[in-house]
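# sequence plus predicted model, see below.
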Amino acid sequence: MSSKVTERALNLIKSMPRVALNNIKPLPHTAFKKKTDRRGDRKKKGRGDKGQGARGTWDPLGYEGGQNPLIDTSPRERYYAQYAVRRQYPPVTLLELQRLIDLNRVNTSRPVDITSICNTGLFNFDISKNHFGVNLTDEGCDQFVAKINAEVQWTSELVIAAIEKNGGTITTRYYDPSCLAALYDPLAFFKKGQPIPKCKLPPQDALLYYSDPNSRGYLADPEKILEAREKLAQKYGYKLPDLEGDPVKEMLLMRKDPLQIFYGLEPGWIVNLRDKCVLKPKDEDYLKYYHSAH
Amino acid sequence: MAVSLTKSLSGLCIQARNAVPSTNHTELLSRNKILHICRSFSALQIKGLENGSSERLSKGNLHTSSVCLTTPELKEWREHRVIDRFYRLPWGAWIRTRGGRKKGLYKKVPRHRWQLQQHIFCNYHQNKLLDKLVTPKWKEPKYFADSPYEPYSQRTNSYWHPNPRKFYP
């Protein structure tokens, strides 16, 4: 037992750089106090003669000497209307996604979710800043060649076309903040021992987007989504690959239930990491709550 | 409000088909043979919307996300004279509107009217001043969806505001 400890300690020391002046620091009680230059501490205290500088009666910021300042005369424009309530979607470009796939940081044999993007460790979002998920942008749409089943929170038509052209599928899915917190770090969430939350429906202003087949919303009619796929292929001029004879068809068609957050796990279940089991509720009221949108 | 909700939901046509707990998705044969509906356990039935059953779909019934989740105490402090009039682009520029763009248009030449419609940049000293007047949180990039100012959030071919591509080792 002790030999392992010494072995590890020796290995650690061997891997460290040589001790030099640039990587040691003095003990706290030996550090000397810097002597301040007290030459200017007489009479005017370094403030010069009279004026605002000496008397500290500065004009307020934005004051323009009595002239109507810019911050008063500019017309008011609702740039930041509803800023504290509006949803934000930090962007991830298609180029970045392709690079992550090429570097094997994202597994394309499973659906590419917001969790898989966050698990790379290269993307963070902050729920306190009203981040509601990921926005897949169209930079690098010409270089995108991967076939994936993507699930993001916001995207544009060009991105949908780029992904479907390569034989993949994309869905836009809404997650409310508590679900998003669980998705950002599933391990930390499971360690809390709380039941998996059920995902709420989107707010009213988002409902239209997520039920629109053109944006591949998760609440849209699947038949209309198929029509929209064909229309988009015609619009952008590519042949829509047939998914019928595809070996990964099952993976590409994997979708979560509107109330479900994790694949294979239903809301209401508790994942017990310690005992390596999953606890499922049997009570009717619980099941009714977790299996309905009401 | 209930009317608008039913109108927006009338595009939905979700039907929970034979809830089978074990399977994740059920495939239905269609003309393309890949039509799928994945409703494994939830009874998310919003069928019959076309009939206008607004009672069932009232906001209290469905668990939708709440929109108004902030209070003045939770919001970041802001200088109203700045936030009400200027917009900060993430690379340091501030934009504003021109005065008089809605007044006396009958006596203005079309070109003048067009000019007044434009949102213009503030100069270097104004940018510095406005940066001092707001807290650091206002300088963080905002990723609003469908914002008209999103194309201007990044510079291209600028020596002073380089926009390098991220490199992942």
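Received, thanks. Numbers count the residues shown, from 1 in each chain, chains lettered A, B, ... in the order given.
# do you know how far residue A:214 is from residue B:79?
41 Å (C-beta to C-beta, to the nearest Å). Yep, even glycine has a C-beta here, placed from its N, CA and C like the rest.
# do residue A:100 as well
40 Å.
# between the two, which one's more packed in?
Neighbour count, other C-beta atoms under 10 Å in any protein chain shown: between residue A:100 and residue B:79, residue A:100 has more, with 21 against 17.
# quick one: contacts for that one?
Neighbouring residues of residue A:100 by C-beta atoms under 8 Å, 6 or more residues apart in numbering or on different chains: A:106, A:117, A:120, A:122, B:168.
# residue A:116 in helix, strand or coil?
Per DSSP: H, G, I helix; E, B strand; the rest coil, the secondary structure class of residue A:116 is helix.
# isn't it up against residue A:106?
Yes: Residue A:116 lies in contact with residue A:106 (C-beta atoms under 8 Å); the separation is 5.4 Å.
# residue in the stretch 1-150 of chain A nearest to chain B?
For the stretch 1-150 of chain A and chain B, the shortest gap (C-beta to the nearest C-beta) falls at residue A:79, measuring 3.7 Å.
# just the pLDDT for that residue.
pLDDT recorded at residue A:79 is 95.
# ok, it - contacts?
Here residue A:79 is in contact with B:83, B:86, B:87, B:149 (criterion: C-beta under 8 Å, 6+ apart).
# hmm, 10 Å instead?
Each residue near residue A:79 by C-beta atoms under 10 Å, 6 or more residues apart in numbering or on different chains is listed here: B:83-88, B:94-97, B:119, B:147-149.
# out of the residues you listed, which sit inside strands?
If you go by DSSP state E, those have B:87, B:88, B:94, B:95, B:96 in strands.
# hmm, back to that, shared neighbours, residue A:116 and residue A:106?
A:100, A:148.
# now the helices for chain A?
A:2-15, A:51-55, A:70-73, A:94-102, A:114-119, A:157-165, A:177-184, A:186-192, A:204-210, A:222-236, A:249-252, A:284-290 (DSSP state H).
# nearest to residue B:133, of the ones you listed?
helix A:70-73 (7.4 Å; C-beta to C-beta).
# so which bits of the closest one are buried?
A:70, A:71 (16 or more other C-beta atoms under 10 Å in any protein chain shown).
# how far does it sit from the chain's center?
37 Å (C-alpha atoms, centre = their mean, to the nearest Å).
# tell me which other helices or strands that helix touches.
Helices and strands touching helix A:70-73, by 3 or more C-beta pairs under 10 Å, 6 or more residues apart in numbering or on different chains; DSSP states H and E, are helix B:80-83, strand B:94-96, helix B:124-133.
# nearest to residue A:275, of the ones you listed?
helix B:80-83 (52.1 Å).
# could you list the residues in contact with the closest one?
A:61-62, A:69-72, A:74, A:76, A:79-80, A:83, B:76, B:88, B:94, B:96, B:129-134, B:138.
# please parse chain B into its domains.
B:10-67, B:76-142 (automatic domain parsing).
# got the contact list for residue A:287?
A:266, A:268, A:280, A:281, B:41.
# residue A:210: which of those residues is nearest?
Closest to residue A:210, out of all of these and judged by C-beta to C-beta, is residue B:41, at 19.8 Å.
# assign a three-state SS to residue B:160, would you?
Put simply, residue B:160 is coil when judged by three-state DSSP.
# sketch out the low-pLDDT regions of chain A for me.
A:1 (pLDDT under 70).
# just want the most central residue of it.
Nearest residue to the geometric centre of chain A (C-alpha atoms, centre = their mean): residue A:125, 3.5 Å.
# for the closest residue in space to residue A:117 that isn't next to it in sequence, give me its contacts.
Using C-beta to C-beta, 6 or more residues apart in numbering or on different chains and skipping the chain neighbours, the partner closest in space to residue A:117 is residue A:123 (5.3 Å). Contacts of residue A:123 were listed using C-beta under 10 Å, 6+ apart, and they are A:90, A:91, A:92, A:96, A:100, A:114, A:117, A:134, A:184.
# from residue A:178, how far out is the last one?
With the distance defined as C-beta to C-beta, residue A:184 ends up 11 Å from residue A:178.
# next: the second one.
For residue A:91, the distance to residue A:178 equals 23 Å [C-beta to C-beta].
# with the third one instead?
Distance, residue A:92 to residue A:178, using C-beta to C-beta: 22 Å.
# of those two, who's got more company?
Neighbour count, other C-beta under 10 Å: between residue A:92 and residue A:178, residue A:92 has more, with 21 against 17.
# for that one, name its beta-bridge partners.
residue A:136 (DSSP bridges).
# correct me, but it touches residue A:116?
No: between residue A:92 and residue A:116 there is no contact, the gap being 11.3 Å when judged by C-beta atoms under 10 Å.
# out of the helices and strands packed on helix A:70-73, deepest packed?
For the helices and strands packed on helix A:70-73, the largest average neighbour count (mean count of other C-beta atoms under 10 Å in any protein chain shown) is found in strand B:94-96, namely a mean of 21.
# so which bits of the helix or strand just after that strand are buried?
As assigned by DSSP states H and E, the chain's next helix or strand after strand B:94-96 is helix B:110-117. Of the residues in helix B:110-117, those buried by neighbour count under the rule 16+ other C-beta under 10 Å are residue B:116.
# residue A:189 is in contact with residue A:265, isn't it?
No: Residue A:189 is not in contact with residue A:265 according to C-beta under 10 Å; the separation is 11.1 Å.
# list residues touching both of these two?
Common neighbours of residue A:189 and residue A:265 (criterion: C-beta under 10 Å, 6+ apart): A:196, A:271.
# more neighbours: which of these two?
For residue A:189 and residue A:265, the more surrounded residue by other C-beta under 10 Å is residue A:189, and the numbers stand at 20 against 17.
# low-confidence ranges, chain B, go.
B:1-63, B:65-70.
# mind checking the end-to-end distance for stretch B:129-142?
Using C-alpha to C-alpha, to the nearest Å, one end of stretch B:129-142 lies 21 Å from the other.
# so that stretch, near chain A or not?
Yes: Stretch B:129-142 lies within reach of chain A by C-beta under 10 Å from any C-beta of the partner chain, at B:129, B:130, B:132, B:133, B:137, B:138, B:140, B:141, B:142.
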